[in-house]
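1. sequence unknown, structure follows:
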């Protein structure tokens, strides 16, 4: 077990998989000599060279397409899209190509490719560099969507992603790169579709993923002081979605808050709310509460943090829910 | 090969009328046979390629079995894509086909990846992106040209220029018609060929493909041809000048190659008739076989979304 930053855990997974399998290569803007816009690939260029850490021009659509073609012909590309906000530039290659070739070919081909990208607020980076666009990607059948919240999961989920024969969109959170945590040494794989119950409790279930897991935990600590025990679930992957763990918790607590940093309308919290309502309506003491970013473009600078959920909002919602009883 | 392609395409149209096909999205390449046959013969085993949505002929020229292609068009489980791809997404990686694409130009970056892969794996093989003139104004073409030239990838951009992007003639879509110059400005070796002459296409393609395969960098070849039918099945092409159509049809690649071979004493009328009869028999059998194949059941709907 080593104590390391989230970005170092990602790098450990990349380095390990690249040493293990010569078919794995990293390609994207500034991934080589620069070491990655968020220093995730720093140092790898010196060890593994320009053939394995391929710097590209700023041509997102074709770089993602290159990954698809390389994956179809036997390689295992890890393509880096510097910001998830740039996904629009490459969306045809992601949604129509990367996601669909397995199905369109009737299972005759596979696309073992990882699209690593990064999103969220935290750096006052403005409306074009701070979004949480996972719902756009989770909407497309054929894509695995992974959003780690801790250094250990960053390593374990990225290793699983690289070894997966399916196309994976791996979304990191920019505010987590410097976060430290214990990370298992050597090979560490975290399976897709297994949510992490970070805290057990019987008063309310709080479901989240990526950075908002930490906000949820902060809220849980406050709630405990008031005698309310929150169960906090980190989904880890949106596709596959661990509905089993979610529904088991919902049946226990009967009260649910879903939290993410994305916009409210047509966001992934809406999907979670719908699924819980469809499958566990009979046990719910109150409607599922969504706590999300506001439906405004992410403002730069001082307004940024007002646009995203806070621990206080979660605490307030949990208090209100605790008083509800099934009719 | 050109006769087989033409017969195949005509049978797709006929099969639709007979109610055998699943859906009606077919883009037939009649008139463009010389481009497919000429490029196909210049490729080698181990080369990989993608095509545009009008790609039946190219795949046939690379060894596709007509029966399995018909089965795909008919939506049957024995089709190349288990009935899930259809006419516009036929793929078979064992024959190097990374897939026909229904998004104009989107196959080009995938072929860029194929070229990258051929070089990365030191296969000594080539990647070819086939697309129509409609893709000549898509951004990804030029992104891909740049990267292919930057990294000297074994990749050829092969344009089947049938003069029309759907209903818009090439000079109504492009300010400059000197596409070779565009390619050359990226450091891509450019060439232009008469796409109605199969021998000319084969010769140009062989030379450029070998050059690129040998590691000299990417190439671009534009083959000027004509789409004898409409864009799709129901399109009578009212936007085309009838005189223009007649003029191009005089240059029918199948007829002209037949005349040339007879003139050179390499073929007789009788020999041609025998080839035609053989082709008809092959396609009769392929259609009959495909029509007998099983239709996918409801369980097949959910398979092949993921591997794991």
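-> Yes, it's here. Values in this document were obtained by computation on a predicted structure and should not be read as measured data.

2. Would you map the strands across the chain?
-> In the absence of a named chain, this looks at chain A. A:2-5, A:24-28, A:53-55, A:76-80, A:114-119, A:144-146, A:168-173, A:180-183, A:196-199, A:204-208, A:230-234, A:237-239, A:256-263, A:289-293 (DSSP state E).

3. should've been chain B
-> Secondary structure of chain B (DSSP E): strands at B:48-51, B:97-100, B:127-132, B:155-161, B:164-165, B:168-169, B:189-194, B:219-224.

4. Tell me which of those strands sits nearest to chain A.
-> Closest of those to chain A is strand B:97-100, at 4.8 Å (criterion: C-beta to the nearest C-beta). Bear in mind the C-beta positions are built from the backbone N, C-alpha and C, glycine included.

5. is that closest one up against chain A anywhere?
-> Yes. Residues of strand B:97-100 contacting chain A under C-beta under 8 Å from any C-beta of the partner chain: B:98, B:99.

6. Determine how far that strand lies from the middle of the whole chain.
-> Strand B:97-100 sits 10 Å away from the centroid of its parent chain (C-alpha atoms, centre = their mean, to the nearest Å).

7. so what does it touch, helix or strand wise?
-> Judged by 3 or more C-beta pairs under 8 Å, 6 or more residues apart in numbering or on different chains; DSSP states H and E, the packing partners of strand B:97-100 are helix A:60-72, strand B:48-51, helix B:107-120.

8. tell me the mean pLDDT over the first one?
-> Think helix A:60-72. Across helix A:60-72, pLDDT averages out at 98.

9. and residue B:59, which of the helices and strands packed on strand B:97-100 is closest to it?
-> Residue B:59 lies closest, by C-beta to C-beta, to one member of the helices and strands packed on strand B:97-100: strand B:48-51, at 6.8 Å.

10. and for the lowest-mean-pLDDT helix or strand in chain A, what are the contacting residues?
-> In chain A, no helix or strand scores lower on mean pLDDT, DSSP states H and E than helix A:304-307, which sits at a mean of 94. Outside helix A:304-307, the residues within contact range by C-beta atoms under 8 Å, 6 or more residues apart in numbering or on different chains are A:121, A:122, A:124, A:130, A:293, A:294, A:296, A:298, A:299.

11. For the stretch 201-308 of chain B, what lies in contact range of chain A?
-> B:303, B:304, B:305, B:306, B:307, B:308.

12. try 10 Å
-> When proximity is defined as C-beta under 10 Å from any C-beta of the partner chain, the stretch 201-308 of chain B approaches chain A at B:296, B:300, B:302, B:303, B:304, B:305, B:306, B:307, B:308.

13. Might you list the low-confidence residue ranges for chain A?
-> Within chain A, the segments meeting pLDDT under 70 span A:327.

14. Could you list the domains of it?
-> The record's domain split for chain A, according to automatic domain parsing, is A:2-183, A:196-322.

15. got these as a markdown table, with mean neighbour count columns?
-> Shown next, in a markdown table, are the domains of chain A (neighbours: other C-beta atoms under 10 Å in any protein chain shown):
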| stretch | mean neighbour count |
| --- | --- |
| domain A:2-183 | 22 |
| domain A:196-322 | 20 |
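
16. Any chance of these in TSV with distance to residue B:4 as columns?
-> Shown next, in TSV, are those (distance: least, C-beta to C-beta, whole Å):
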stretch	distance to residue B:4
domain A:2-183	23
domain A:196-322	43
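
17. Which one, of these, ends up nearest to residue B:131?
-> domain A:2-183 (12.9 Å).

18. What's the end-to-end length of the closest one?
-> 5 Å (C-alpha to C-alpha, to the nearest Å).

19. and if you look at stretch A:97-107?
-> 14 Å.

20. Over to stretch A:229-240?
-> 28 Å.

21. Is any residue of it near chain B?
-> Yes. Judged by C-beta under 10 Å from any C-beta, stretch A:229-240 comes into contact with chain B through A:239, A:240.

22. Look up how far chain A lies from residue B:111.
-> Per C-beta to the nearest C-beta, to the nearest Å, residue B:111 is found 6 Å from chain A.

23. was I right about residue B:15 contacting residue B:72?
-> No. The criterion here is C-beta atoms under 10 Å, and residue B:15 misses it with residue B:72 at 11.9 Å.

24. residue contacts, residue 221?
-> The chain I'm using is chain A. A:199, A:230, A:232, A:311, A:315 (C-beta atoms under 10 Å, 6 or more residues apart in numbering or on different chains).

25. actually it's chain B I care about, not the one you picked
-> Counting by C-beta under 10 Å, 6+ apart, residue B:221 has contacts B:35, B:38-39, B:42, B:128, B:156-160, B:180, B:183, B:189-193, B:195, B:201, B:204-205, B:207-209.

26. Taking the stretch 201-327 of chain A, what residue is nearest to chain B?
-> residue A:240 (8.6 Å).

27. what's the closest non-adjacent residue to that residue?
-> Closest residue to residue A:240 apart from its sequence neighbours, by C-beta to C-beta, 6 or more residues apart in numbering or on different chains: residue A:193 at 3.5 Å.

28. What values do phi and psi take at that neighbour?
-> phi 80, psi 10 (degrees, to the nearest 10).

29. Now do the residue lying closest to residue A:164 once chain neighbours are set aside against residue A:112, distance only.
-> Excluding its sequence neighbours, the residue lying closest to residue A:164 (C-beta to C-beta, 6+ apart) is residue B:308, at 6.0 Å. As judged by C-beta to C-beta, to the nearest Å, residue B:308 and residue A:112 stand 10 Å apart.

30. what does residue B:102 give?
-> Following C-beta to C-beta, the distance that separates residue B:102 from residue A:112 is 23 Å.

31. Quick one: mean pLDDT over stretch B:111-130.
-> 98.

32. Show the end-to-end separation of it, please.
-> 9 Å.

33. same question, stretch B:233-246
-> Terminal-residue distance, stretch B:233-246 (C-alpha to C-alpha): 20 Å.

34. Kindly confirm whether my reading is correct that residue B:142 touches residue B:187.
-> No. Using C-beta under 10 Å, residue B:142 makes no contact with residue B:187, being 11.8 Å away.
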